[in-house]
Each structure stands twice: as C-alpha cells, then as structure tokens.
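J.: return a 3D structure for these sequence lines:
(one chain, ligands or ions: 1)
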Amino acid sequence: LLEELENCGVFGLWSGKGPVVEQIYYGIFKLQHRGQRYCGIATWDGSIRLITHAGFVRHSFSLQDFHYLTGNLGIAHVSLKELQPMVFHSRLGSYALAFSGNIINRELLRHKLFQAGHAFSTETDTEILGRILSQGKTILDGFQQIYRLVKGSFSLVVLTPRGVYAARDIHGFKPLILGRSGRKLAVSSESRPFDLLGLKIVRDVRPGEIVLLNGDGIKSIWQAAEVRPAFCAFEWGYIASVDSVIDGVPVIRARHNFGIKLARRDEAENLKVDIVSPVPFSGIGCALGYHHYSEVPYQESFLIDRFASRSYTPLVQEEREKEARIKLSVIKDNVRRQRIVLCDDSIVRGTQIRNKVLELKRAGARAVHVRIACPPLIAPCRYSISTRSYEELVALKYSVEGICRLIGADSLKYNTMEDFVEAIGLPPEKLCLSCWTGKYL
Ligand code: SF4
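T.: Numbering: from 1, shown residues only. Sure thing, here's the model as predicted:
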C-alpha cells in the first residue's frame, strides 16, 4: 500500500539550554514517512522564527535556515497537505501552531469565526485552530475552547515564550508521545526520533490532556473530564514506523502478531508453500511474524529501489500506481518456481496488489497466496485526510473470493477483526476501527 492516507507528523522540543534547530530537524526527518510534501520548523528566540518548505526534510533545510532558526525551544511539522507550523500574533502574544488530524466541522467553525470578526488568509484547519486559540482569555482557556468547539481529531503542538504546549483530542485518535533526557524534553507524533536524539519515552499524552514542556519539566496542565479513547488502529496496521511504540504497544509486535494470526489459519488448512515475502515496507513485520510462527523461509521477492524517492507524494491514483511499479522490482531468482505467501498491510482498490501478483507470476512463481494484515477496508477515514472514497474501495464491491479472482491470487486471506484487535493487544473499546466497521464515533 503506497501512501493512501494524507497524514502529518508533529514534533516539539525544549532543550533547557543551547539551540534546538538541529535536533528538531532530525526529529521531523525521522517522521518523514508521515508526510512528504511539506515541512517546517518554528523556534522561539525573543520572537518566533519560522521557515517552511515544499519537499523532503533532508533536501529542504539549508545552513542559512539553521543560522536563522535560533532559540532553545521549537516545534516542527511534516505534511502531505499544507505548510505548517503557522504563526499567530494575538492579544495572548505570538505563538506558532502545528497539528496532525482533521476537523470535521470546519465549515461551521469558519463561519462562526468569520461572524466574530476573524479574517482568514488560508483554507487550512491549522488557521481555524490558531484563531480559536486566540479567542481565549489565556492560552489554557483558548485550548479549552478548542476542546469545546472542534469535532474531529487533533494532536497539536503550540510554541509560546512559556514553553511548548501539546494537546490531544478526547479520543486520542492520532498518537502523541513525550520523551526526555535530563532537562531536554520532547513531544512527537511517534517515538522513533527519540532514539536518534538520545531521549527516553516518558509516556503518551493522554486523550483530552494538555501538557506544557519548559524549565519546570513536563507538566500536565489540564485534563478533559469526559474522554473516550479511540486510538487509530491503522497506525499499527500501516501508518506508523515499525520502530515506534504507540500508546504503549510496539508497532513491530502488532505487525508480527498479524502475521502469526494469518499463519495459524494457514496451518489449520495445511497450506503448502515454499517462501513468505512482504510487499515492502508495510508488509515486512507481518511476513516476519508469519515466518516465525510457520517456519516457512522468509525471502525477499521485491527490491525497493533506494533512489526512487520523490520530490513530493503524488496524489493522483495513476501516479501512485506508477510510483509503486518504479519503486519495487521483482527479484526473479528468488521467486521462480516458488509457492509464495505474499504479505501486505491492506487492500484499497486492489490495483497495486494485482500488479504485484502479476509481476511475481510473470517471473515464474508457481503460486501466490496473498495475506493481508488488516481486515477488509470498507470506509474512508474521517479523522485524517483520506484519499480513499467509498467508490474506490474494492471490498465494498466484491466478496473476498471476488477480490482474489480480481487480483489473480491463488488464495486471499485477511485477518478477521477479532484477530486484528487481539494482535494489537488493546481492548477494542479503546481503538478506532472505523476503517473496517464503517461506524464513526
Ligand atoms: S478511520 Fe481508520 S485511519 Fe482513521 S483514525 Fe480510524 S482507524 Fe485510523
């Protein structure tokens, strides 16, 4: 599955002393998989300094940018959708805001803010959040207004002279995690930047919680009374990196478990195969889990072209498919005359996996049994910007047997919802499963 969702990654750092820009840069570099179209960094050094770019983190920031972004606290963002952070100058002072999520009632909120005298310079959800925040008597009051008014999802970071604020909506849809090393404090969409920066995980920001990172440490400054956790299960299925820990569950553990569950079912049916392979990257953990349980040899069938990186993520479907063809080439010698279990995270339209099955068969594979970590996708996401529509979802048009025929596989199995949830290891009532149930909160 190639970048079906538009997501974002946020990062914030309070360093105690010394400039933060290089560490923040590496923070969002390690979140690049969450969004490749835009990136930005804001720091505080007596005033807010902001630089945003189109493109990859690694290719975008220059030495001059680093010299300009002075200060010992800052926030940053990667996105497939828009330039963030955004700066606001208000009666509360100046602040920069970046967020990951999706506001469902944006039209209503824009209208209300408009009526209240706000003028908008962009169409973004970020601006809506920044303007609601500015209406508060204090920053905390502004945050509370966000909680009262905004429907949808937000994991956000706000840079102020007092420190870096971080807040998560009452469902905690999108991850947000705190890290620390001595006086250095960080908040991030995923834990993976912490290893590079020598930080240890402290804990996740709780659904409905606001925290402040500054010289007083990490302080929880407010907690919504009514919360209903609904952590995005697709983070473990596809979005998050395998070296991250989301809400206490290592992503690699969940992905291994997806493979183990699928292997158990194949064992019960006595499926005879020669190798198990992933569609890289998102099928790797599942294929490894399958291999560990079944002892079927793990073998790469596809090579990722390390130079196939893009200057931006294509949003048109044909472009995505072309990208998938360019990115992965078949390792013919590994697949010739083999009966293959091919693991992937999910199927949206079926076109990408159909191409992969076809390529394996053309290369001489005797059989391709497709195994999918997530249950069939039957609904778009409302809590991040989804590029899938109901019309495109193949699982709404065909049965599993029909999809199997469509993609040309010798067999097709998805994890059941029960196995999928068990593999993650959190109670179903704490997860968002809307992609697979079609029921929204
Ligand atoms: S709808 Fe799907 S992708 Fe969106 S938050 Fe829920 S589980 Fe995650």
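
J.: going forward, measure contacts between C-alpha atoms and count neighbours the same way
T.: OK.

J.: all strands in the stretch 101-250 of the chain, in order from the N-terminus.
T.: Per DSSP state E, counting those that start in this stretch, the stretch 101-250 of the chain carries strands over the ranges 152-160, 163-168, 177-181, 184-188, 200-204, 209-214, 217-223, 231-232, 245-246, 249-250.

J.: most tightly packed of those?
T.: Counting by mean count of other C-alpha atoms under 10 Å, strand 184-188 has the highest mean neighbour count of the strands of the stretch 101-250 of the chain, with a mean of 29.

J.: list of residues touching it?
T.: Residues outside strand 184-188 that contact it (C-alpha atoms under 8 Å, 6 or more residues apart in numbering) are 9-16, 27, 166, 176-180, 199, 213-214, 217-218.

J.: centre of the chain to it, how far?
T.: The chain centre lies 18 Å from the centre of strand 184-188; the measure is C-alpha atoms, centre = their mean, to the nearest Å.

J.: quick revisit: who wins for proximity to residue 92 among the strands of the stretch 101-250 of the chain?
T.: Minimum separation from residue 92 across those (C-alpha to C-alpha) falls at strand 152-160, 9.7 Å.

J.: who's in contact with that closest one?
T.: 10-12, 42-44, 73-75, 94-105, 164-169, 171-176, 189, 382-384.

J.: now swap in stretch 246-255 and tell me
T.: Against stretch 246-255 from outside (C-alpha under 8 Å, 6+ apart): 175, 177, 190-191, 204, 231, 235-237, 240-245, 285-286, 289, 373, 423-425.

J.: generate a ChimeraX selection restricted to the buried subset of those residues.
T.: Applying 16 or more other C-alpha atoms under 10 Å to the contacts of stretch 246-255, the buried members can be selected in ChimeraX as follows:
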select :175,177,190,191,204,231,235,236,237,240,241,242,244,245,285,286,289,373,423,424
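
J.: among the contacts of stretch 246-255, which ones are in helices?
T.: Of the positions in the contacts of stretch 246-255, 285, 286, 289, 423, 424 sit in helices, assigned by DSSP state H.

J.: tell me which of the strands of the stretch 101-250 of the chain sits nearest to residue 33.
T.: That would be, of those and by C-alpha to C-alpha, strand 184-188, which comes in at 13.4 Å.

J.: the closest one pairs with which strands, parallel or anti?
T.: Looking at strand 184-188 with DSSP bridges, its partner strands are strand 8-14 (antiparallel), strand 177-181 (antiparallel).

J.: surely residue 302 is in contact with residue 280?
T.: Yes. Shown here, residue 302 and residue 280 form a contact pair, counting by C-alpha atoms under 8 Å, at 7.3 Å.

J.: would you mind listing what in this structure touches the ligand?
T.: 173, 232, 233, 234, 381, 382, 383, 384, 432, 433, 434, 435 (C-alpha under 6 Å from any ligand atom).

J.: ramachandran angles for the fifth one?
T.: It stands for residue 381. phi -90, psi 140 (degrees, to the nearest 10).

J.: tell me the confidence at it?
T.: Confidence at residue 381, expressed as pLDDT, is 91.

J.: roughly how far does it sit from residue 74?
T.: Using C-alpha to C-alpha, to the nearest Å, residue 381 is found at 30 Å from residue 74.

J.: which one of those two has more residues nearby?
T.: Neighbours of residue 381 and residue 74, each counted by other C-alpha atoms under 10 Å, are more numerous for residue 74; the result is 34 against 21.

J.: next up, identify which helix or strand that one is on.
T.: Assessed by DSSP states H and E, residue 74 sits inside strand 73-79.

J.: which ones are touching residue 210?
T.: By C-alpha under 8 Å, 6+ apart, the contact list for residue 210 reads 165, 166, 167, 168, 220, 221, 222, 223.

J.: how near is the residue of the stretch 151-300 of the chain found nearest the ligand to residue 369?
T.: Proximity of the stretch 151-300 of the chain to the ligand (C-alpha to the nearest ligand atom) peaks at residue 232, 3.7 Å away. Between residue 232 and residue 369 the distance is 28 Å, computed by C-alpha to C-alpha.

J.: ok, residue 419 next?
T.: Distance of residue 419 to residue 369, computed by C-alpha to C-alpha: 19 Å.

J.: who's in contact with stretch 9-20?
T.: Contacts of stretch 9-20 (C-alpha under 8 Å, 6+ apart): 24, 27-28, 31-32, 34-35, 43, 70-79, 98-100, 155-157, 163-164, 183-190, 213-215.

J.: now that stretch: how far from the chain's centre is it?
T.: Counting by C-alpha atoms, centre = their mean, stretch 9-20 comes out at 21 Å from the chain centroid.

J.: please begin residue numbering at 12 from this point
T.: Noted, 12 is the first residue going forward, which turns the last one into stretch 20-31.

J.: that stretch: end-to-end distance?
T.: 18 Å.

J.: same thing with stretch 183-192?
T.: The first and last residues of stretch 183-192 sit 25 Å apart, counting by C-alpha to C-alpha.

J.: go on, stretch 226-240?
T.: One end of stretch 226-240 sits 30 Å from the other (C-alpha to C-alpha).

J.: so for it, mean pLDDT?
T.: Summarised as a single mean, pLDDT over stretch 226-240 is 97.

J.: OK, now which residue of the stretch 262-411 of the chain is nearest to the ligand?
T.: Per C-alpha to the nearest ligand atom, the residue of the stretch 262-411 of the chain with the smallest distance to the ligand is residue 392, at 3.8 Å.

J.: helix, strand or coil for the residue nearest to that residue when sequence neighbours are not counted?
T.: Spatially, and ignoring its direct neighbours in sequence, residue 392 is nearest to residue 446 (6.1 Å; C-alpha to C-alpha, 6 or more residues apart in numbering). For residue 446, the assignment made with DSSP: H, G, I helix; E, B strand; the rest coil gives helix.
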